[in-house]
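Colleague: Fold the following for me, if possible:
(chains A and B)
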2 protein chains.
Amino acid sequence: MQETSELREHFDLLPGERLDDLQRNHLQIIQNPERFCFGMDAVLLSGFAQVRSGDEVLDLGTGTGIIPILLEAKTKGRHFTGLEIQEESAAMARRSILLNHQQDKINIVTGDIKEASVLFGTSSFSVVTSNPPYMIAEHGLKNPSYTRAVARHEVLCTLDDVVRETSRLLKPNGHFYMVHRPFRLAEIICTLSMHRLELKRLRMVYPYVDKEPNMVLLEAVKYAKPRVTVDPPLIIWKSPNEYTDEMKNDYGY
Amino acid sequence: MQETSELREHFDLLPGERLDDLQRNHLQIIQNPERFCFGMDAVLLSGFAQVRSGDEVLDLGTGTGIIPILLEAKTKGRHFTGLEIQEESAAMARRSILLNHQQDKINIVTGDIKEASVLFGTSSFSVVTSNPPYMIAEHGLKNPSYTRAVARHEVLCTLDDVVRETSRLLKPNGHFYMVHRPFRLAEIICTLSMHRLELKRLRMVYPYVDKEPNMVLLEAVKYAKPRVTVDPPLIIWKSPNEYTDEMKNDYGY
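Modeller: Numbering: from 1, shown residues only, chains lettered A, B, ... in the order given. Reported below is the predicted structural model:
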């Protein structure tokens, strides 16, 4: 508590912002619940993604920077870049990174996913990650908050934009890791294939062992040969109040 | 036993053949273990497929007829056709159908999947099912038995042949049900999409709750809009000697 209030002064949290403990390596993140808070999706993606020593990693649509912050802490990647179109989110990400002393390893760039390959140059990353908006722009009611709408609906970029730019940004044999909703699986796989990103691994995330999955984790490799490994099911809850052992042991829930 | 030996005389089992009880409605099937015996794949597919009253159903590569035999017994489909290229398997299927008194509802045709839409005419079925060969022709050692090789490897037809002919054979909004191996998932989904069969439902079959899936069940609909439902996981074994409750209750294992 004390530390948090000291930091609050030090880092000048803005009205509505709060400082959350990531329960890992004393990492913290600045969020504003009226704008958007990261979800389990981002945490699972950062567990699913494999970043190797020397990798140059880009996170497309990084929001408050949760994915590079977690990946920097848990991997030996050389450098991490987060691209975010909303300046306020990017600014929060930058302040979190300073707070975590990760500024030598993570850079947050304000910019548009649709132009990412122009911004960074083609074949410039060995790993791209993304937790993109899941919903087609016309699907259902858009979120009344513009910030949340941008994070959840394809208002500012579509799946095709994310995948096309990823394919351009990756080096040959570079890896793309994405979390998405199962209902768009066919479109995701065909879009990957169209942009010469071959689906290599997939993991279904089921809330309970007897329920439909609500997330899917995907790994695609640029120019790879076709052959998919489907991982064992990732099951979140053992009972309504108890996470499964994997969630407790591997993700710290 | 007595019934079986009477039938054995009556139906003139050939050398190497045996009569297996399907544990459902007293259905039986003639198989020859030196040629090919149906697997759990076919049983799971016949549970996954939804056949409605009045449906005209075609099974592509029906082998000894296991899928139409089971579907005829458990659904109200109007008529079932099984297409099989190997005459000996087709003959076994026909004898099993007589044995089960299903000859008014099931017809076995000897012929080639690659020419199925010419044989039956386009838009002639409301449901197509298939448990096709899983392995690419060049993958690994082919089965030394030609019959088994044809059933398991794409020697006589490829995935593209099966999907292309299915798309031609189905009426608009007709349903295609297939069981396959997860390692070919990306290719399967892109091939379906290329032939205007939209993936609508998918179920992963996991041998154990903590293991990779070894089968995937797929439902695609001709000309449908994109939106996939991924079913809860189907888990086969609770422990090495005990099936899960779903396998016991729904599939009679």
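
Colleague: Quick one: list the elements packing against the lengthiest helix in chain A.
Modeller: Criterion DSSP state H: the longest helix present in chain A is helix A:87-99. Applying 3 or more Cβ pairs under 8 Å, 6 or more residues apart in numbering or on different chains; DSSP states H and E, one finds that helix A:87-99 contacts helix A:2-11, strand A:28-31, helix A:66-74, strand A:79-84, strand A:106-110. C-beta coordinates here come from the backbone N, C-alpha and C atoms, glycine included.

Colleague: Next, the buried residues of the third one.
Modeller: Meaning helix A:66-74. A:Ile66, A:Ile67, A:Pro68, A:Ile69, A:Leu70, A:Leu71, A:Glu72, A:Ala73 (16 or more other Cβ atoms under 10 Å in any protein chain shown).

Colleague: Make CSV from the residues you listed and add pLDDT and distance to chain B to it.
Modeller: Formatted as CSV, those follow (pLDDT from 0 to 100; distance: Cβ to the nearest Cβ, whole Å):
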residue, pLDDT, distance to chain B
A:Ile66, 96, 25
A:Ile67, 97, 24
A:Pro68, 98, 28
A:Ile69, 97, 30
A:Leu70, 96, 24
A:Leu71, 97, 25
A:Glu72, 97, 30
A:Ala73, 95, 27
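
Colleague: quick check, nearest of the residues you listed to B:Leu98?
Modeller: B:Leu98 has its nearest neighbour among these in A:Ile67, at 62.4 Å by Cβ to Cβ.

Colleague: pretty sure that closest one is touching A:Gly39, no?
Modeller: No. The pair A:Ile67 / A:Gly39 is not scored as a contact, 11.5 Å apart, by Cβ atoms under 8 Å.

Colleague: And chain B, is stretch A:207-224 touching that?
Modeller: Yes. Residues of stretch A:207-224 are located near chain B by Cβ under 8 Å from any Cβ of the partner chain, namely A:Val209, A:Asp210, A:Lys211, A:Glu212, A:Pro213, A:Val216.

Colleague: which ones are touching the last one?
Modeller: Contacts of A:Val216 were listed using Cβ atoms under 8 Å, 6 or more residues apart in numbering or on different chains, and they are A:Val179, A:His180, A:Arg181, A:Pro182, A:Leu185, A:Ile188, A:Leu202, A:Arg203, A:Met204, A:Val205, B:Val230.

Colleague: contacting residues for the last one?
Modeller: When contacts are counted by Cβ under 8 Å, 6+ apart, B:Val230 is found next to A:Pro182, A:Phe183, A:Leu185, A:Met204, A:Glu212, A:Pro213, A:Val216, B:Arg201, B:Leu202, B:Arg203, B:Met204.

Colleague: Same question for the third one.
Modeller: Contacts for A:Arg181 were tallied using Cβ under 8 Å, 6+ apart; they are A:Tyr134, A:Asn214, A:Met215, A:Val216.

Colleague: what bridges to the last one?
Modeller: By that I understand A:Val216. Taking DSSP bridges as the rule, A:Val216 bridges to A:His180, A:Met204.

Colleague: Just the helices from the stretch 51-200 of chain A, written as ranges.
Modeller: Assigned by DSSP state H, counting those that start in this stretch, the helices in the stretch 51-200 of chain A fall at A:66-74, A:87-99, A:116-120, A:146-152, A:159-169, A:185-194.

Colleague: most packed of those helices?
Modeller: Among these, ranked by average contacts under mean count of other Cβ atoms under 10 Å in any protein chain shown, first place goes to helix A:66-74 (a mean of 24).

Colleague: Give me the angle between it and strand A:106-110.
Modeller: 170 degrees (axes from the mean of the first three to the mean of the last three Cα atoms, to 10 degrees).

Colleague: what's helix A:66-74 packed up against?
Modeller: Short answer (3+ Cβ pairs under 8 Å, 6+ apart): helix A:66-74 packs on helix A:40-48, strand A:56-60, strand A:79-84, helix A:87-99, strand A:106-110.

Colleague: quick revisit: among the helices of the stretch 51-200 of chain A, where is the model least confident on average?
Modeller: Note on the helices of the stretch 51-200 of chain A: helix A:146-152 shows the lowest mean pLDDT, a mean of 82.

Colleague: Can you tell me what sits against it?
Modeller: Outside helix A:146-152, the residues within contact range by Cβ under 8 Å, 6+ apart are A:35-36, A:61, A:63, A:85-86, A:88-89, A:133-135, A:142-143, A:155-156.

Colleague: Give me the pLDDT for the residue nearest to the spatial centre of chain A.
Modeller: Nearest to the mean C-alpha position of chain A, by Cα atoms, centre = their mean, lies A:Asn131 at 3.9 Å. With respect to pLDDT, A:Asn131 has a value of 96.

Colleague: Buried only: go through the contacts of helix A:146-152 for me.
Modeller: Buried among these by 16+ other Cβ under 10 Å: A:35-36, A:61, A:63, A:85-86, A:89, A:133-135, A:142-143, A:156.

Colleague: Throw the buried residues of helix A:66-74 into TSV and include distance to B:Asp160, thanks.
Modeller: Output for the buried residues of helix A:66-74, formatted as TSV (distance: Cβ to Cβ, whole Å):
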residue	distance to B:Asp160
A:Ile66	42
A:Ile67	38
A:Pro68	41
A:Ile69	45
A:Leu70	41
A:Leu71	39
A:Glu72	44
A:Ala73	45
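
Colleague: of those, closest to B:Gly174?
Modeller: A:Ile67 (42.3 Å).
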